[in-house]
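Visitor: got a structure for you, letters missing:
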């Protein structure tokens with residue numbers, strides 16, 4: 001079951017889930033007071049529960065704020081977390097869809113948020129399952145160190161994505177990746193009659209790599225950051241994301257000159 005968070009105990013449980021997900025030292029933790037107050041001003045704090053009873057356990061939550069940008073009512077989806085044992089069951093997608101249904105009632109036209117381009121799980125959810133569109137790449141969006149072990153040593157580079165509230169939350173294409181995908185962060189690709197397509201590789205699990213091989217994790221950031229910045233500056237757009245047992249690949253394309 002998914003609904004808005006209502007009680008103080010539920011708000012506090014959402015804070016505990018933040019600690020479980022990002023670690024007790026996470027400097028960007030959102031306190032229960034802000035989770036609560038935001039809902040008075042058009043924001044959303046909603047949770048997925050394992051049942052409907054009084055002893056229901058929260059499996060994950062989503063939090064966002066509503067405001068005005070360029071004269072349009074928009075929603076910033078600030079945080080989404082699902083407990084490890086509940087992942088890979090579509091809960092994150094359902095939370096996002098519920099969030100969108102709530103802000104649509106307010107007249108919100110667009111939902112914005114960020115995610116780490118190196119996290120393949122999030123890339124799949126945001127681009128493939130939800131159909132969000134990458135608008136920008138920001139190096140160290142939240143500073144070099146948030147105190148979370150998930151960000152240790154690789155900073156907080158982020159894609160900014162936009163999700164049109166009036167559009168369909170559809171599935172992006174999932175065609176085969178060409179041999180050029182083997183180029184880590186190089187932007188290597190091929191030109192055909194429809195334009196130019198390049199691919200940028202990311203690791204299968206950057207968070208595991210941070211633990212077992214921090215130097216390798218840093219190299220992934222150091223190689224993909226300039227590739228994404230250069231390609232987006234040259235007019236490429238992120239056209240899709242593909243997963244494989246070995247990792248993942250972003251497909252970027254632009255129109256022919």
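Guide: Looks like it came in fine. None of these values were measured; they are calculated from a predicted model.
Visitor: ok, residue 3 - how many residues close by?
Guide: 12 (other C-beta atoms under 10 Å). Where you see a C-beta, it was placed from the backbone N, CA and C, and this is true even at glycine.
Visitor: mind checking what helix or strand follows the strand or helix carrying it in sequence?
Guide: Remark: residue 3 resides in strand 2-4, with elements defined by DSSP states H and E. Next along the chain after strand 2-4, taking DSSP H and E as the criterion, comes helix 8-22.
Visitor: which elements pack onto that next one?
Guide: helix 32-40, strand 44-49, strand 58-69, strand 72-82 (3 or more C-beta pairs under 8 Å, 6 or more residues apart in numbering; DSSP states H and E).
Visitor: so what's residue 83 up against?
Guide: 17, 20, 21, 59, 60 (C-beta atoms under 8 Å, 6 or more residues apart in numbering).
Visitor: hang on, the earlier thing: tell me the most buried of the helices and strands packed on helix 8-22?
Guide: strand 44-49 (a mean of 24; mean count of other C-beta atoms under 10 Å).
Visitor: what angle do that one and strand 58-69 make?
Guide: 160 degrees (axes from the mean of the first three to the mean of the last three C-alpha atoms, to 10 degrees).
Visitor: quick one: strands adjacent to strand 44-49?
Guide: strand 2-4 (antiparallel), strand 58-69 (antiparallel) (DSSP bridges).
Visitor: switch those strands over to CSV; also include mean pLDDT and distance to residue 247.
Guide: Formatted as CSV, these follow (pLDDT from 0 to 100; distance: least, C-beta to C-beta, whole Å):
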stretch, mean pLDDT, distance to residue 247
strand 2-4, 97, 31
strand 58-69, 96, 25
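Visitor: and those: which comes nearest residue 84?
Guide: Nearest to residue 84, of all those, is strand 58-69, at 10.2 Å by C-beta to C-beta.
Visitor: which helix is the longest one in the protein?
Guide: helix 214-233 (DSSP state H).
Visitor: any idea of the mean pLDDT for that one?
Guide: For helix 214-233, the mean per-residue pLDDT is 96.
Visitor: and the contacts of residue 83, which is closest to residue 114?
Guide: residue 21 (15.5 Å).
Visitor: rounded mean pLDDT for the host helix or strand of residue 94, please.
Guide: Per DSSP H and E: residue 94 is located in helix 91-104. What helix 91-104 shows for mean pLDDT is 96.
Visitor: counting by contacts, list what that helix packs against.
Guide: strand 2-4, strand 44-49, strand 58-69, strand 72-82, strand 110-115.
Visitor: so for residue 158, which of those strands sits nearest?
Guide: Here strand 110-115 is closest among these (C-beta to C-beta), at 3.8 Å.
Visitor: parallel or antiparallel, which strands does that closest one pair with?
Guide: strand 72-82 (parallel), strand 158-164 (antiparallel).
Visitor: could these go into a markdown table alongside distance to residue 249 and mean pLDDT?
Guide: As requested, these are exported to a markdown table (distance: least, C-beta to C-beta, whole Å; pLDDT from 0 to 100):
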| stretch | distance to residue 249 | mean pLDDT |
| --- | --- | --- |
| strand 72-82 | 23 | 95 |
| strand 158-164 | 15 | 96 |
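Visitor: and of these, who's closest to residue 116?
Guide: Going by C-beta to C-beta, the one of the strands paired with strand 110-115 nearest residue 116 is strand 158-164, 6.1 Å.
Visitor: how about that closest one: buried residues?
Guide: Going by neighbour count (16 or more other C-beta atoms under 10 Å), the buried part of strand 158-164 is 158, 159, 160, 161, 163.
Visitor: any idea which of the residues you listed is the one closest to residue 48?
Guide: The nearest one, if we look at these relative to residue 48 and count by C-beta to C-beta, is residue 163, at 18.9 Å.
Visitor: does the closest one touch residue 127 like I think?
Guide: No - Residue 163 is beyond contact range of residue 127, at 10.4 Å (criterion: C-beta atoms under 8 Å).
Visitor: let's have the strands paired with strand 44-49 in TSV, adding distance to residue 40.
Guide: Formatted as TSV, the strands paired with strand 44-49 follow (distance: least, C-beta to C-beta, whole Å):
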stretch	distance to residue 40
strand 2-4	12
strand 58-69	11
